[in-house]
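Undergrad: Here's my sequence, what's the structure:
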Amino acid sequence: MSTHYMSPAALDRRAIRPYLALIRAPFLLFTLLVVSVPAAAAIEAGAFDPANTALALGSVLFGHVAVNVLNLVSDYRTGIDEATEETPYSGGNDVLTSGAVTYRRALAFGVGSLLLSGLFVVPLALQFGRVVPFFYAIGAVLVVGYTDVFARVGLGEFACGLGLTFLPTVMVGYVQTGTLTERLLYLSVPMFLVGFNLLLLNEFPDVEADRPNGRVNVPIVFGRRRAGQLYVALVGATVASVLYPIAVGALPATVAIAVLPVALLVPVFRGINSGTDPEITDDELGAHILWTQATIATLGAGMLLAAWL
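TA: Sure thing, here's the model as predicted:
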């Protein structure tokens, strides 16, 4: 008789793996990129507060975990996960449909993550007052309502831009000194636009699964062709939102490097213009994700360059 020995470490990895899938762990690195922008702006202004930045990062990170989990919970409950074709960048995953994690446990995990996100806000609220809880309340509404409300009334892309990129930029920047600086507000505009566009193109592969399940988004309402045209227009708006404040002296010239990643979108633009109902390939989605991440990273790098120079 043969026996198979599995080390405690291997058992731990097997136990943890479903939860890493549940929270969509690789995508959480995006939160670090987003937080790096207001942190870099604070460094450039000589006002960086490491402790407050860490607390804000904790709140934003667990808020991101919560929305990821609650989105999967909702998609499992409504049956969208079973109809969605998973890609490396869009669609759901089979962690609930396979039974690797139960529905109730996932729901508890998502709610617990949102509550944990709120705990990080407490010391910041004690320091800065009601503005910080106001930011958190908006974020909590976006987390809870994203899948079952906003994505069903045509506001999913707006909610993504507001909750995933704009609000963290403003919140993390605010807790450095308790003020919203002009530079921070200018930086929040391209951050919102890349967050909006991030979801917009990611919705393309899921149109057939989302439409019969009650989702209402730009590709469903206007078709992929016009949604693609909007995507291109918003890329142009993102470039303008970087260059205009530089032109008027509101942002340092070094931030112009955030325009360079647009070159990554050449295959995406080609795909968008490929027909009346363009299909977006995994490679094109990958280029889109890379543009999103690189734009955010170079916004932060541009501010750090200004501080160094």
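Undergrad: any residues touching stretch 275-293, and which ones?
TA: 30, 33, 87-90, 194, 197-198, 201-202, 204-205, 223-225, 228, 235, 261-262, 264-268, 271-272 (C-beta atoms under 8 Å, 6 or more residues apart in numbering). Quick note: C-beta positions are derived from backbone N, CA and C, even for glycine.
Undergrad: which parts of that stretch are buried?
TA: Buried residues in stretch 275-293, counted by 16 or more other C-beta atoms under 10 Å: 278, 280, 281, 284, 285, 286, 287, 288, 289, 291, 292, 293.
Undergrad: for stretch 98-106, same thing?
TA: 101, 106.
Undergrad: and residue 224, what element?
TA: Residue 224 belongs to helix 218-247 when assigned by DSSP states H and E.
Undergrad: picking that back up, narrow the contacts of stretch 275-293 to those that are buried.
TA: By neighbour count, with 16+ other C-beta under 10 Å, those hold 30, 33, 87, 89-90, 194, 197-198, 201-202, 204-205, 224, 228, 235, 261-262, 264-265, 268, 271-272 as buried.
Undergrad: Among those, which lie within helices?
TA: Members of the buried ones among the contacts of stretch 275-293 lying in helices (criterion: DSSP state H): 30, 33, 194, 197-198, 201-202, 224, 228, 235, 268, 271-272.
Undergrad: With distance to residue 105 added, can I get the residues you listed in TSV?
TA: Shown next, in TSV, are those (distance: C-beta to C-beta, whole Å):
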residue	distance to residue 105
30	25
33	29
194	33
197	34
198	28
201	32
202	26
224	36
228	39
235	40
268	38
271	39
272	40
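Undergrad: among those residues, which two are most distant?
TA: Greatest spacing in these, by C-beta to C-beta: 33 and 224 (27.3 Å).
Undergrad: rewinding a little: return the set of buried residues in the helix holding residue 224.
TA: Result for helix 218-247 [16+ other C-beta under 10 Å]: buried residues 218-220, 224, 227-228, 230-231, 234-235, 238-239, 241-243, 245-246.
Undergrad: shaky segments in the protein?
TA: Applying pLDDT under 70 to the chain flags the ranges 1-14, 80-93.
Undergrad: contacting residues around the residue minimising distance to the centre of it?
TA: Among the residues of the chain, residue 164 comes closest to the average C-alpha position under C-alpha atoms, centre = their mean, at 4.0 Å. With contacts defined as C-beta under 8 Å, 6+ apart, residue 164 is in contact with 30, 34, 64, 195, 198.
Undergrad: How many residues are close by residue 308?
TA: Using other C-beta atoms under 10 Å, residue 308 has 9 other residues around it.
Undergrad: what's the one helix or strand residue 111 maps to packed up against?
TA: Element membership for residue 111 (DSSP H and E) is helix 103-128. Other elements packing on helix 103-128 under the criterion 3 or more C-beta pairs under 8 Å, 6 or more residues apart in numbering; DSSP states H and E are helix 8-22, helix 50-78, helix 131-145, helix 167-177.
Undergrad: hang on, the earlier thing: roughly how far is the helix holding residue 224 from the heart of the chain?
TA: 17 Å (C-alpha atoms, centre = their mean, to the nearest Å).
Undergrad: Equivalent analysis for stretch 250-261, please.
TA: 21 Å.
Undergrad: if we look at it, which residues are touching it?
TA: Stretch 250-261 is touched from outside by 44, 182-183, 186-187, 190, 239, 242-243, 245-246, 290-291, 294-295, 298-299, 301-303, 305-306, 309, with contacts defined as C-beta under 8 Å, 6+ apart.
Undergrad: which residues are in contact with stretch 140-160?
TA: Applying C-beta under 8 Å, 6+ apart, the contact partners of stretch 140-160 are 63, 66-67, 70-71, 74-75, 114, 117-118, 162-163, 167, 195-196, 198-200, 203, 214-218, 221.
Undergrad: picking that back up, okay if I get the buried residues of stretch 275-293 as TSV plus distance to residue 256?
TA: As requested, these are arranged in TSV below (distance: C-beta to C-beta, whole Å):
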residue	distance to residue 256
278	30
280	29
281	30
284	26
285	27
286	25
287	21
288	22
289	22
291	16
292	18
293	18
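Undergrad: Counting only helices, which of the residues you listed make the cut?
TA: If you go by DSSP H, the buried residues of stretch 275-293 have 284, 285, 286, 287, 288, 289, 291, 292, 293 in helices.
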